[in-house]
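Peer 1: Task: produce atomic coordinates for the following.
(one chain, ligands or ions: 2)
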Amino acid sequence: MKDVFLIYAHRGSSINYPENTLPAFAHAIKEGANGIELDVQLTKDGHVVVFHDWILQRITGQKGKISDYTLTQLRKMDFGAWKHPRFAGTPIPTLEQVLTRIAGKNIILNIELKNFFAMKNGLEQKVIQLVHSHKMARQVIISTFNPFSLELLRKHDCKTDIAFLYFGQLREPWRYALEYKCAYIHPPVRGVNAQLLEICRSHGLKIVPYQVDTLAEIKQMIELGTDGIITPRPALAHRLLYGT
Ligand code: G3P
Ligand code: CA
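Peer 2: Ligands and ions are numbered 1, 2, ... in the order given. All right, here's what the predicted structure looks like:
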C-alpha cells in the first residue's frame with residue numbers, strides 16, 4: 001500500500017464537504033483517495049477529537065477553543081452548517097470513530113497532532129494508545145510540526161510511521177526527519193523540487209507535500225515523482241493518475 005502514490009484528502013474531501021467531518025472522509029474515499037489527512041486535539045475531559053483551528057469561531061461560531069469544552073458539550077455544536085445549510089447538524093468526530101470506520105480498509109490515515117499552543121498536554125500518548133488498541137499502527141501515519149511531539153512519540157514507543165511537517169523554506173529539512181527517525185517529510189508544495197527529492201531518497205525518506213491545491217500543482221507533483229500529495233481535491237488527483 002505505501003508504495004502506491006498516496007492521495008491524502010486534506011481534512012477529507014474539504015472542497016465540497018465540511019472539513020474534518022465523517023461525511024468529508026466518506027466522500028474522499030468515494031472520490032478515490034487512498035489516504036485521509038485529519039487534525040486532532042484534546043477536549044477539556046481528555047477525548048481526542050478531530051478539529052483543525054485553534055479557536056472554534058470560524059466553524060461553529062462559538063467562543064473559546066476545543067480544550068475549553070467537554071466532548072458532551074462539543075457534541076451539541078454544529079460543525080457542518082458553516083459550509084452549507086445542507087450539512088447543518090454535522091457533529092464533531094472523535095478519533096476513535098474515524099479509526100473504527102476505516103479499520104481494515106485500504107486507506108492510510110494521516111493523523112496530524114494539533115498541539116502547537118498546548119504542548120505536553122498528553123495528546124501524543126492518547127493518540128498512540130488509540131491507534132495501538134485498534135491494532136492500526138500499519139494503517140496510520142502520525143504527522144506534526146511540533147519537535148517536542150516528535151520526541152514524545154519516540155519516548156512513548158510509537159509504532160506508526162512518523163512524518164516531519166514543516167512550514168516555508170526550511171534549510172536541510174531531512175536532518176530533522178532523520179534525527180527523529182521519521183519515515184516521511186511533509187513539506188509545503190512550493191519548496192519541493194527534484195533536488196529535495198533526490199536528497200530525501202538518498203536518506204531513505206519519503207516525501208509527501210501539502211497545500212497541493214490546484215490542478216497544476218497536482219500534475220507537477222505527479223510528474224516530479226513524489227510519494228504522494230495532501231490535497232483537498234482527491235478526485236482530480238485520481239483522474240490524473242488513473243483516468244477515472
Ligand atoms: O498535512 C499538512 C497540512 O495539513 C498542514 O496544514 O494547516 O492544513 O493543518 P494545515
Ligand atoms: Ca492538517
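Peer 1: what's near enough to touch the residue in the chain that ligand 1 sits nearest to?
Peer 2: As assessed by Cβ to the nearest ligand atom, ligand 1 sits closest to Tyr210 within the chain, at 3.6 Å. (C-beta placed from N, C-alpha, C; glycine too.) Shown in contact with Tyr210 (Cβ atoms under 8 Å, 6 or more residues apart in numbering): His10, Glu37, Leu165, His186, Pro187, Pro188, Val189, Ile229, Ile230.
Peer 1: Next: Tyr176.
Peer 2: Pro147, Leu150, Phe164, Tyr166, Leu170, Cys182.
Peer 1: For Phe87, see how far away the residue of the chain closest to ligand 1 is.
Peer 2: 24 Å (Cβ to Cβ, to the nearest Å).
Peer 1: same thing with Asp227?
Peer 2: Separation of Asp227 from Phe87 (Cβ to Cβ) stands at 32 Å.
Peer 1: what's around Glu179, how many residues?
Peer 2: The number of residues packed near Glu179 is 12, by other Cβ atoms under 10 Å.
Peer 1: quick one: it from Phe117, how far?
Peer 2: Where Phe117 is concerned, Glu179 sits at a distance of 24 Å (Cβ to Cβ).
Peer 1: which parts of the chain sit against ligand 2?
Peer 2: Asp39, Glu112 (Cβ under 5 Å from the ion).
Peer 1: follow-up on the earlier one: buried only: go through the contacts of Tyr210 for me.
Peer 2: Neighbour-count burial (16 or more other Cβ atoms under 10 Å) applied to those gives His10, Glu37, Leu165, His186, Pro187, Pro188, Val189, Ile229, Ile230.
Peer 1: could these be laid out in TSV, adding secondary structure, pLDDT and distance to ligand 1?
Peer 2: Shown next, in TSV, are the buried ones among the contacts of Tyr210 (DSSP: H, G, I helix; E, B strand; the rest coil; pLDDT from 0 to 100; distance: Cβ to the nearest ligand atom, whole Å):
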residue	secondary structure	pLDDT	distance to ligand 1
His10	strand	98	6
Glu37	strand	98	5
Leu165	strand	97	6
His186	strand	98	5
Pro187	coil	98	9
Pro188	strand	97	8
Val189	helix	97	10
Ile229	strand	98	10
Ile230	strand	98	5
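Peer 1: Is there any residue in the one helix or strand in the chain whose mean pLDDT sits lowest that contacts ligand 1?
Peer 2: When the helices and strands of the chain are compared on mean pLDDT, DSSP states H and E, helix 147-155 comes out lowest with a mean of 92. No: if you take Cβ under 6 Å from any ligand atom as the test, helix 147-155 misses ligand 1, and the best it gets is 13.7 Å.
Peer 1: Mind listing residues that contact that helix?
Peer 2: Here helix 147-155 has contacts from 113, 115, 119-120, 123-125, 128, 142, 144, 162, 164, 176, 180-182, using Cβ under 8 Å, 6+ apart.
Peer 1: Poorly predicted segments of this structure, please.
Peer 2: Scanning the chain for pLDDT under 70 picks out 1-2.
Peer 1: Which residues of it lie near ligand 1?
Peer 2: His10, Glu37, Asp39, His52, Glu112, Ser143, Leu165, His186, Tyr210, Ile230.
Peer 1: can you pull out the strands in the chain?
Peer 2: Taking DSSP state E as the criterion, the chain contains strands spanning 6-10, 35-42, 48-50, 108-113, 140-144, 161-165, 184-186, 206-207, 228-231.
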